[in-house]
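**Q** Fold the stuff below for me.
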Amino acid sequence: MSEQPKSFKCPSCGSPIVFVPGSENLTCSNCGNEYEVAALERAESEDYTQGEFSWGDYKKNFEAEKERFNNTAVYICKSCGAEIECEKTTAATNCPYCDNVVVLSDRLSSGLKPNAIIPFELDEKQAVEAVLLHFKDKKLLPRDFMSSHKLSKIKGIYVPFWLFDSGIDGKMKFEGTHVRHYSDSRYDYTETRHYLVYVDGEMRFEKIPVDGSVKMDDDLMDALEPFDYSRLKKFSDAYLSGFLADRFDTDPDESLPRASSRMQNSAEDVLRDSADEGFDTLTKLGSSIQLKDSSVKYALLPVYLLNMSYKGKNYRIAVNGQTGKVVGELPISKGKSWFYFLRLALLIAAPVAAIAYLFLK
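**A** As a prediction, this is how the structure comes out:
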């Protein structure tokens, strides 16, 4: 059965209203009126304190949720009546017939609503400017890779992230050495003293991010960090209006090992630093790093994505929708590579030739 998506309409003229990055307002595409997100929340009867993501509740229904992801779903656009077919994980999209912005609110209910969101702070124009500035510094980038047509395809999407909190109990053992060199009238001496060093401690990590989307490259999402988590806001689907959004399709239990590895590595660095009392060498002999009191929150974070095809290969560029940081793989011009290689070779060869001439003169 087709389901009804939610769309945000201007109370004055009935046209679609969309979220304005960097503000707390939605603006009408027709009459230009602006409306505060908080005011729209008060105007709706939905209680946003209900139905947020709970790790425990989700795990109880995990098998049922996995089965829901197997097929697509069909929705009815409230603006033109067209059927919208999309993936089970799509949470916000545009009607392909009238371009009306729709938020598929059922994807964000029944205990699956995000706990928090960082709204977009950059608009599309600012995201494109960030990409152009990033490209400007890439001397080996092919000239024909960049075009206004390709850049116009940039899209803002809210990517699902798990934010893990956890305490750490850590114990580590090291061998440390102090080396001293000295001499007398007959010999040179090297004295090495060995120490067995034990260190333990407790620490706590908060908001360790792991993306919850199979479609997103993990390394690409990691490279977009950091986000300013002081800007996290209580989730409202009004922030989704005008942007694409996905619901998670990677379980928190599947994502926990990645977060755990990051926390354990950071904990080891802290313990190593505390153990290093000016040793000449410090060798790790063993460690025990245990997580405790772990919890997770479900958040949507702002990302601009740009897929650019060049000579049969696709390149995905990502822009942090909050900070403007740009990451992604880029092609290299073979012609420019040879030019810079020859230029470098000439710069090296010139002084070598000059020195050789002086010696042979």
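**Q** For the one helix or strand Leu301 maps to, buried residues please.
**A** According to DSSP states H and E, Leu301 maps onto strand 281-310. Buried residues in strand 281-310, counted by 16 or more other C-beta atoms under 10 Å: 282, 287, 289, 291, 294, 296-306, 308. No exception for glycine: its C-beta is placed from N, CA and C like everyone else's.
**Q** Which elements pack onto that strand?
**A** Packed against strand 281-310 by the contact rule (3 or more C-beta pairs under 8 Å, 6 or more residues apart in numbering; DSSP states H and E) you find strand 116-117, helix 124-136, helix 148-151, strand 155-183, strand 188-211, helix 252-275, strand 313-320.
**Q** Work out the gap between the fifth one and the centre of the chain.
**A** Averaged C-alpha coordinates place strand 188-211 at 29 Å from its chain's average position (C-alpha atoms, centre = their mean, to the nearest Å).
**Q** Give me the helices and strands touching the helix or strand following it, please.
**A** Following strand 188-211 in sequence order, the next helix or strand is helix 218-223 (DSSP H and E). Applying 3+ C-beta pairs under 8 Å, 6+ apart, we find helix 218-223 packed against strand 188-211, strand 313-320, strand 326-328.
**Q** which of the residues in helix 218-223 are buried?
**A** Per 16+ other C-beta under 10 Å, helix 218-223 contains these buried residues: 220-221.
**Q** And for stretch 310-325?
**A** Quick answer for stretch 310-325 (16+ other C-beta under 10 Å): 317-325.
**Q** Nearest to Gly212 among the residues you listed?
**A** Ala318 (15.7 Å; C-beta to C-beta).
**Q** The closest one reaches Leu305, doesn't it?
**A** Yes - in this structure Ala318 lies within contact range of Leu305 using C-beta atoms under 8 Å: 5.8 Å.
**Q** Name the nearest of the buried residues of stretch 310-325 relative to Gly176.
**A** Lys325 (38.6 Å).
**Q** which residue packs closest to that closest one, ignoring adjacent ones?
**A** Leu224 (6.1 Å; C-beta to C-beta, 6 or more residues apart in numbering).
**Q** Could you pull up the residues touching Leu271?
**A** Neighbouring residues of Leu271 by C-beta atoms under 8 Å, 6 or more residues apart in numbering: 170, 172, 199-201, 287.
**Q** which regions of the stretch 51-200 of the chain lie under the pLDDT threshold?
**A** 51, 60-89, 91-92, 94-111, 140, 146-149 (pLDDT under 70).
**Q** same thing but at 80, please
**A** 51-53, 55-112, 137-152 (pLDDT under 80).
**Q** domain ranges for the protein?
**A** As recorded under automatic domain parsing, the domains making up the chain are 156-231+247-332, 333-361.
**Q** Those into a markdown table, with extra columns for distance to Val18?
**A** Below are the domains of the chain laid out as a markdown table (distance: least, C-beta to C-beta, whole Å):
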| stretch | distance to Val18 |
| --- | --- |
| domain 156-231+247-332 | 10 |
| domain 333-361 | 38 |
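**Q** Name the stretch among those domains that sits most buried.
**A** domain 156-231+247-332 (a mean of 16; mean count of other C-beta atoms under 10 Å).
**Q** Between the two ends of that domain, how far is it?
**A** 26 Å (C-alpha to C-alpha, to the nearest Å).
**Q** ok, back up a step: next one: the strand holding Leu301 to chain centre, how far?
**A** Counting by C-alpha atoms, centre = their mean, strand 281-310 comes out at 10 Å from the chain centroid.
**Q** From here on, call the first residue 8.
**A** In the new numbering, first residue 8, that becomes strand 288-317.
**Q** and the angle for that strand with strand 195-218?
**A** 40 degrees (axes from the mean of the first three to the mean of the last three C-alpha atoms, to 10 degrees).
**Q** What strands flank strand 288-317, and is each parallel or antiparallel?
**A** strand 123-124 (parallel), strand 162-190 (antiparallel), strand 320-327 (antiparallel) (DSSP bridges).
**Q** Can you name the residues that contact Glu31?
**A** So Glu31 contacts 43-45 (C-beta under 8 Å, 6+ apart).
**Q** give me that answer again for 6 Å
**A** Glu31 makes contacts with 43-44, as judged by C-beta atoms under 6 Å, 6 or more residues apart in numbering.
**Q** thinking again about what came up before, now, among the buried residues of stretch 317-332, which is nearest to Lys214?
**A** Looking across those and measuring by C-beta to C-beta, the closest to Lys214 is Gln329, at 13.8 Å.
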